[in-house]
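1. Give me coordinates for this.
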Amino acid sequence: LFAKNYTDRTITAMDLARFLGQGEINPPIDTIPTVSNEVLADDVLAGKRIFYNAADRRMSAEGYLSCASCHFDGGEDGRIYDFTGRGEGLRNNISLKGREGTRFGNVHWTGNFDEIQDFEHDIRGAFLGEGFTADGDFSSASPLGTPKAGQNADLDKLAVYVESLGEESLPKSPYRQAATGALTSAGVRGRELFAELDCNSCHSGDGYTDGQRHDVGTYRDYSGNRLGGVLDGFKTPALMSLFDTAPYLHDGSAATVEDVFRIVGGAVHQAEDAAGIGVDAVSQTGYSYMRNAGGVRLSSGDSLSFDNIDGGSGGEGIIRVRYGSTQQTGQLDVQAGGSNDSISLAALPQVEDTDSAFSESQVEVTLLSGTANTVILSFNGSGSVVIDDMTVSTADNVDAASAHTVANSLSSSQFNDLVAYLLQIDSHQSEDATPIGDDNPTPSDTDTPVSADPPLPVDDESDGGAGSVDWWLLCCLLMLLALRYKGAARASSTAG
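-> Here you go, the predicted model:
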């Protein structure tokens, strides 16, 4: 049995012959080095080991959480976390690759950490770890207070590793030219549109971010706060290797790059608070993913009525509905203010009888000014659908989101070019002056993207790694083998 010990740079070989033959529980073990020339600096490798080490009681209380739990290989897990209890809100996980720690400003969507050592707050809080700094040096107050750098050597090494994740750690876009790795012709046109639309007024500098917080009209009620106080904006996200980091926006509400230009914030109304005709209330159970722990199930012909909805100054707005557990496709009719329209619902079946699959769809509506609006959602289709909540975006909200929604004024071909460029960004901006070839390239050599297979891991034998020795895996395998051995012995005894 062989186990690769990533950050130890070894392989553990266990001879199971005597275990399988005689049930010996202490088989011979040999450790084989796998790296003869370590490419990582000593402090970077040490920091990487700390990054992955869940067994360190300083990192976590129960031995299964570490930085790598959510940021394996320095990336992101594509999940949205509810950090309301930390004075924040729903937050989309962010990759660490290419960011070099705090090179492009404070970290997180609200810029609430100004040094990597501030993750001591997460370690002591969410991870329930003992912490790396001395108790007397740690303050649970704002992480933007007294610097923690220099308080603990291992915490500093952890920061050194995160800061080492530079441009070379970024996965390369599979949407670039296959032969040269250059932008495709669509990407070149998209880069020009990126500048024409003034996208680089915020997505500027080497990291495609100005490092500042802005209100781009994506606030919703569950966007929460910043450090328990007023949420005054979200930090401009870096765009490197965007193709590899879906979903997008601070709350992960944009499933695709295209959705980024359509999502608008607004007031969230819970379905369980609306008046229903023939509806069934649904409570969160198991691993259901309903926000606010409840929703409403509609069968065909059932409807929900939301009264006294604020339409702001009136005019063109958007109704966005979060729904799930549709056994078959259906239609949700939407009446709002002075308009009637419908939303086509995708099939999102339950998983193990649990409401766990949800999606969001929207429709443009005309809203009356003030709170004179009533919004009615009616379901037409087979089976049923669970309505979780409804976001109402007024004309004022739509205007606040104009920095993104301006892209919807492009022709469809231009819009596709802009998206093509964004999906091909895979380096720092100073390096994006990669050869773009002929301005009028032939499709045969330019518009053929690299295979869209998942990119290979950045790490290899000399600079990669998951946790230390995987003894827990070895123990699990040994237990299974022991059970198999006992079962075989019992069967043999019975047969005899």
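
2. For the residue most central in space within the chain, which three-state class applies?
-> With distances taken as CA atoms, centre = their mean, residue 78 lies nearest the centre of the chain, 3.1 Å away. Under the three-state scheme (DSSP: H, G, I helix; E, B strand; the rest coil), residue 78 adopts coil.

3. My read is that it contacts residue 247, right?
-> Yes - here residue 78 reaches residue 247: they are 6.8 Å apart, a contact under CB atoms under 8 Å. To be clear about C-beta, it is placed using only N, CA and C from the backbone, and glycine gets the same treatment.

4. got a list of what the nearest residue to residue 17 once chain neighbours are set aside touches?
-> Spatial nearest neighbour of residue 17, excluding adjacent residues (CB to CB, 6 or more residues apart in numbering): residue 27 at 7.7 Å. If you count contacts by CB atoms under 8 Å, 6 or more residues apart in numbering, residue 27 has them with 14, 15, 16, 17, 18, 19.

5. can you tell me which of those are in strands?
-> Within those, residues falling in strands by DSSP state E are residue 14.

6. Any of the contacts of residue 27 buried? List them.
-> Those of those that meet the buried threshold are residue 19, by 16 or more other CB atoms under 10 Å.

7. ok, of the contacts of residue 27, which one's closest to residue 123?
-> For the contacts of residue 27, the closest approach to residue 123 (CB to CB) belongs to residue 14, at 32.6 Å.

8. Excluding residues flanking it in the chain, which one is nearest the closest one?
-> Of all residues not flanking residue 14 in the chain, residue 1 sits nearest, at 4.4 Å (CB to CB, 6+ apart).

9. and that neighbour, how many residues sit next to it?
-> 15 (other CB atoms under 10 Å).

10. Just the pLDDT at it, thanks.
-> Model confidence at residue 1, given as pLDDT, is 89.

11. same deal with the one 10 residues further on?
-> You'll see residue 11 listed with a pLDDT of 95.

12. I figured it hits residue 4, correct?
-> Yes - counting by CB under 8 Å, residue 4 is a contact partner of residue 11 at 5.4 Å.

13. does residue 378 sit in a helix, a strand or a coil?
-> strand.

14. Number of residues surrounding it?
-> Residue 378 has 18 neighbouring residues, counting by other CB under 10 Å.

15. and what of residue 113?
-> Residue 113 has 19 neighbours, counted by other CB under 10 Å.

16. now it, nearest residue through space, not along the chain?
-> Excluding the flanking residues, the one nearest residue 113 by CB to CB, 6+ apart is residue 107, at 4.8 Å.

17. Could you do residue 24 as well?
-> residue 18 (4.3 Å).

18. for the one you found, what are its contacts?
-> Neighbouring residues of residue 18 by CB under 8 Å, 6+ apart: 24, 27, 28.

19. closest to residue 319 among these?
-> Closest approach between these and residue 319, by CB to CB: residue 27, at 63.8 Å.

20. Checking that closest one next. Helix, strand or coil?
-> coil.

21. any idea how far residue 11 is from it?
-> Remark: distance between residue 27 and residue 11 (CB to CB, to the nearest Å) = 15 Å.

22. OK, contacts around the residue nearest to the centre of the chain?
-> If a contact means CB under 8 Å, 6+ apart, then residue 78 has 93, 245, 246, 247 as its contacts.

23. do the same with residue 62
-> residue 128.

24. Retrieve the pLDDT associated with it.
-> Taking residue 62 on its own, its pLDDT is 89.

25. was I right about residue 77 contacting residue 70?
-> Yes - using CB under 8 Å, residue 77 is in contact with residue 70, at 5.3 Å.

26. The stretch 51-200 of the chain: helices as residue ranges?
-> For the stretch 51-200 of the chain, applying DSSP state H, counting those that start in this stretch gives helices covering 120-124, 153-163, 185-196.
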